[in-house]
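J.: one predicted model, sequence on top.
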Amino acid sequence: MSRIFVTGMGVISAIGEDLAANHLSLKNGTCGISPLGLFPSRYSGVLPCGEIKTQTEVFKNILQAFEPGVTRTSLLALHAFQEAILDAGLGETQLHSAGTALAGASTVGGMCLTDELYRDARSQANGSPYLNSYDCASVFMYLQERFGIQGIINTINTACSSSANAILYGAKLLQHGLAERVIAGGVDSLAKFTINGFNALRILSDQVCAPFDRDRKGLNLGEGAAFLVLEKEAGLHNRKVYAELAGWGNSSDAFHPSSLSDQGDGPYLAMKAALDSSGLRPEDIGFINAHGTATENNDEVESRAMVRLFGQVPPFASTKSYTGHTLGAAGAVEAVFSILSLHYQEIYSGLHFSHAIPETALVPVQSYSRMSLEHVMSNSFGFGGNCTSLVFSKA
């Protein structure tokens, strides 16, 4: 099988609106979680969120995106997508080629306009310009049309593992000769739909989240987008490379609609499959960018799964302590962060941690440091037990 490399990246999150800004915030330990403020909600000023503090209309002007029905979700995707293709040096010739595929992921898509969706559903007329945006695939159909992408396009929704699975899917396309390059990633924006829904599950924290802490109270939702350009080794032609996508694993334990099994069967199997596909041993992994949602179930279960697989668990942390949980974007955002660790040979601290979970006694990385890294793992575990792990190796 051909080796697969990352040749371009783009990201926007609560800690920065491009790759460089995100990297600087990670190095400095800057948290982007703050009171919700940009759209009307009963939880504005109450629930902390990883909100990008640029208004939707400003993004429309910056991106020159004035097409009818363009949502904030599509704007965030466009922002990160443009950075990724520019970073990889992809021009119109490559984008218009049938060999360029787009693998996207989102959980909310255009449903960020919850009130508009409700009004359109009740309308006796033709509805608003946003009617088409309510399709889950609308974000990536918008990118396809705007950039004239001619290759395979697909949208994946497996909850929190969505964009990790988009990356996995992109790798499969390359391995089986169905694409020459894949632009893979995900996006989600904050919305009443998700805030109210997660609040109903009683897993939102009224404080800034504390992944893997004994006294964690729940997650903070966030918004963001990230894309990776994946290419086979044969197509590199001495171009810049960030990292190799060395392995991946997916499992579905189907234990519960929103919880993982107590022993972490799904996470364990996903991590083990990622190691097996990469040909690496547990001791080869230098850092784990954990899923780490700061919910009671996830952090204890993920901890148990890491102990079960690794024994002596390597340095780990959750970057959701910086950005909040960006849902369908999380797998791609955290893959970018993992690759930055490899590229710059550094690891980023887990924020807001005080006391270890008694059952496992694991302590995440507590400060930024430089260290020699050859391989890192990025975990993304979704509702329904859809768990995905990716392994990236130094280029």
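T.: That came through fine.

J.: measure the closest residue to Lys272 other than its chain neighbours to Lys172 for me?
T.: Of all residues not flanking Lys272 in the chain, Leu309 sits nearest, at 5.8 Å (C-beta to C-beta, 6 or more residues apart in numbering). Just so you know, the C-beta spots here come from the backbone N, C-alpha and C atoms, and that holds for glycine as well. In this view, Leu309 and Lys172 are 23 Å apart by C-beta to C-beta, to the nearest Å.

J.: for Ser2, same thing?
T.: Taking C-beta to C-beta, one finds Ser2 at 12 Å from Lys172.

J.: so the residue most central in space within the chain: helix, strand or coil?
T.: The residue lying closest to the centre of the chain (C-alpha atoms, centre = their mean) is Ala330, at 2.1 Å. For Ala330, the assignment made with DSSP: H, G, I helix; E, B strand; the rest coil gives helix.

J.: what's near enough to touch it?
T.: Neighbouring residues of Ala330 by C-beta atoms under 8 Å, 6 or more residues apart in numbering: 160, 162-164, 186, 320, 380.

J.: low-confidence ranges, this structure, go.
T.: Counting by pLDDT under 70, the chain contains low-confidence residues at 1, 114, 117, 121, 124, 256-259.

J.: and the longest helix anywhere in the chain, what does it pack against?
T.: When every helix of the chain is counted residue by residue (DSSP state H), the longest turns out to be helix 72-88. Counting contacts by 3 or more C-beta pairs under 8 Å, 6 or more residues apart in numbering; DSSP states H and E, helix 72-88 is packed against strand 4-12, helix 56-63, helix 138-147, strand 181-188, strand 224-232.

J.: neighbour count: Leu309 and Lys172, which is higher?
T.: Under the criterion of other C-beta atoms under 10 Å, the comparison of Leu309 against Lys172 puts Leu309 first, with 20 against 15.

J.: against Arg239, how distant is the more buried one?
T.: Plainly put, Leu309 is 35 Å away from Arg239 if you go by C-beta to C-beta.

J.: tell me who's in contact with Ser393.
T.: Contact partners of Ser393, counting by C-beta under 8 Å, 6+ apart, are 243-244, 246, 278, 342, 374-375.

J.: quick one: buried ones out of those?
T.: The neighbour-count test (16 or more other C-beta atoms under 10 Å) applied to the contacts of Ser393 identifies 243-244, 246, 278, 342, 375 as buried.

J.: bridged to the nearest residue to Gln144 once chain neighbours are set aside, which residues?
T.: Computed as C-beta to C-beta, 6+ apart, the closest residue to Gln144 that is not its neighbour in sequence is Ile153, at 5.2 Å. Beta-bridge partners recorded for Ile153 (DSSP bridges): Leu102.

J.: please apply the same query to Val182.
T.: For Val182, the beta-bridge assignment (DSSP bridges) gives partners Ala101, Leu230.

J.: do the one 4 residues further on as well
T.: When bridges are assigned using DSSP bridges, the partners listed for Gly186 are Ala226.

J.: that one contacts Gly328, correct?
T.: Yes. Shown here, Gly186 and Gly328 form a contact pair, counting by C-beta atoms under 8 Å, at 4.6 Å.

J.: okay, and the common contacts of those two?
T.: Contact criterion C-beta under 8 Å, 6+ apart; residues bridging Gly186 and Gly328 by contacting each: 105-106, 162-163.

J.: mind checking which of those are in strands?
T.: Counting by DSSP state E, the part of these found in strands is Ala105.

J.: redo the shared contacts of Gly186 and Gly328 as TSV? Include neighbour count.
T.: Converted to TSV, the shared contacts of Gly186 and Gly328 look like this (neighbours: other C-beta atoms under 10 Å):
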residue	neighbour count
Ala105	33
Ser106	32
Ser162	29
Ser163	37
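
J.: and the shared contacts of Gly186 and Gly328, which two are furthest apart?
T.: Maximum pairwise distance among the shared contacts of Gly186 and Gly328 (C-beta to C-beta): 8.2 Å, between Ser106 and Ser163.

J.: sounds good, over and out.
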